[in-house]
Structures are given as structure tokens and as C-alpha cells.
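Chemist: No letters, just coordinates:
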């Protein structure tokens with residue numbers, strides 16, 4: 001019995017022409033751009049959240065108001081002892097250090113920039129593929145310099161791009177399975193018409 005028992009195997013893309021090949025690359029570039037854009041946004045959100053929380057906790061620990069509060073609360077009837085307040089301050093300082101260390105360890109700023117850069121390069125590939133597909137491609141072969149150049153650029157981009165989190169990968173894949181191809185076809189039609197479709201009533 002075959003090792004792969006999946007009832008829904010992923011279809012293999014086997015282009016029958018250069019045009020199909022280029023359209024397949026165009027779909028791939030659209031998905032890649034969206035994945036890396038979403039990954040960049042997530043990294044940036046996480047970076048800002050961790051940095052903001054660490055800053056808040058550091059400010060709380062570093063402010064001199066707690067020295068006065070400790071003395072006041074120790075003599076008050078609130079039931080909060082000076083040792084309890086000290087414990088809270090120490091815990092806050094530890095939490096701040098953990099958040100700062102986690103932000104440094106995850107290297108979110110660099111990851112954000114790498115995903116953003118990959119998204120930009122995919123956008124360049126999309127524009128180039130749309131430009132080629134806007135012209136007759138029946139005479140193109142797989143050995144044509146423009147086709148081999150696109151393939152080389154996509155290969156280099158795949159090698160240099162950071163890994164996209166698995167949940168983002170599947171999220172974008174699901175979105176494209178629903179209506180992604182229609183979006184690409186609409187974009188191609190607008191490109192071929194030189195934008196004149198936007199002016200129609």
C-alpha cells in the first residue's frame with residue numbers, strides 16, 4: 001500500500017505551455033507577497049507590543065514614586081506591607097527584563113525587515129510577470145532569456161527569503177483557494193487595458 005494515504009493530495013502543477021508556466025509563477029508571486037507582508041505585519045505588531053510592555057514595566061520600576069508609596073503604605077491601613085510592595089516591584093522588574101530579553105532573542109526588528117524586503121521583491125516579480133503576460137507570449141520558449149531570468153530571480157528570492165510561519169502560510173493558501181485566482185485575472189485585465197477599465201461607468 002502506498003505510504004501516502006491522503007484522500008486530498010496536493011495537485012502538481014504541470015504547465016503545458018510557457019504562458020501557463022508564467023501564470024503559475026504569477027500566482028506563486030502573489031501568494032509569496034501576501035505571506036511575507038502578513039508575516040512582516042505580525043512581527044512588527046509583536047515587536048511593538050513587547051517593546052511597549054517592557055518600557056511600561058521599566059518605567060514603573062524606575063520611578064521614584066514607589067519609594068514614597070512604600071513608606072506610606074507600610075504605615076497605612078490598606079493591609080499592604082512594605083515587603084509585599086517590594087515583592088511586586090521585584091516581580092515587575094523581572095517581567096520587564098524577560099520581555100526585553102525575549103524581544104532581543106526573537107530579533108523581531110530584523111525579521112520584520114526581511115519579510116518586508118521579500119514582499120517588495122515579490123511585488124517586483126509580479127509587475128514583471130504582468131508586463132510579459134500583457135504581450136503575446138505564444139512564441140516564447142522556456143529557454144527564452146526573459147523566462148530564464150524570471151526563474152532565476154524567483155529561485156534566488158526563495159533562497160534568501162525568511163521562513164513564513166506555518167499558520168500564515170495555510171491562512172493565505174485558504175484565501176487563495178477561495179477567490180485568489182479571480183483577483184489575479186482581474187489585475188491582469190486591468191493591466192492589459194492600461195487602466196482604462198477603471199474609467200468605465
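Modeler: Done, it's in. Because the structure is predicted, anything quoted here is derived from the model rather than measured. Numbering: from 1, shown residues only.
Chemist: Going by neighbour count, which residues in the host helix or strand of residue 149 are buried?
Modeler: Under the criterion of DSSP states H and E, residue 149 resides in helix 145-160. For helix 145-160, the neighbour count (16 or more other Cβ atoms under 10 Å) marks 147, 150, 153, 154, 157 as buried. (Glycine included, C-beta is placed from N, CA and C.)
Chemist: now those residues in a markdown table, with pLDDT and distance to residue 54?
Modeler: What follows is those, written out as a markdown table (pLDDT from 0 to 100; distance: Cβ to Cβ, whole Å):
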| residue | pLDDT | distance to residue 54 |
| --- | --- | --- |
| 147 | 90 | 49 |
| 150 | 92 | 44 |
| 153 | 93 | 39 |
| 154 | 93 | 39 |
| 157 | 93 | 34 |
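Chemist: and of the residues you listed, the nearest to residue 119?
Modeler: Among the buried residues of helix 145-160, residue 157 lies closest to residue 119 (Cβ to Cβ), at 10.5 Å.
Chemist: Any stretches of this structure with poor pLDDT?
Modeler: Applying pLDDT under 70 to the chain flags residues 1-14, 60-86, 89, 179-201.
Chemist: Would you map the helices across this protein?
Modeler: 18-62, 65-75, 82-106, 108-133, 145-160, 166-175, 181-192 (DSSP state H).
Chemist: Looking at these, spot the one closest to residue 139.
Modeler: Distance to residue 139, taken as Cβ to Cβ, is lowest for helix 18-62 among those, at 8.9 Å.
Chemist: ok and that closest one relative to helix 166-175, angle-wise?
Modeler: Counting by axes from the mean of the first three to the mean of the last three Cα atoms, to 10 degrees, helix 18-62 lies at 140 degrees to helix 166-175.
Chemist: And helix 18-62, what does it pack against?
Modeler: Contacts defined by 3 or more Cβ pairs under 8 Å, 6 or more residues apart in numbering; DSSP states H and E place helix 18-62 against helix 82-106, helix 108-133, helix 145-160, helix 166-175, helix 181-192.
Chemist: Buried deepest among the ones you listed, which one?
Modeler: Per residue and on average, the most neighbours among the helices and strands packed on helix 18-62 fall to helix 108-133, with a mean of 18 (mean count of other Cβ atoms under 10 Å).
Chemist: could you give the angle of that helix to helix 145-160?
Modeler: Interaxial angle of helix 108-133 relative to helix 145-160 (the same axes, to 10 degrees): 160 degrees.
Chemist: what's the angle between helix 108-133 and helix 82-106?
Modeler: Here the directions of helix 108-133 and helix 82-106 differ by 30 degrees (the same axes, to 10 degrees).
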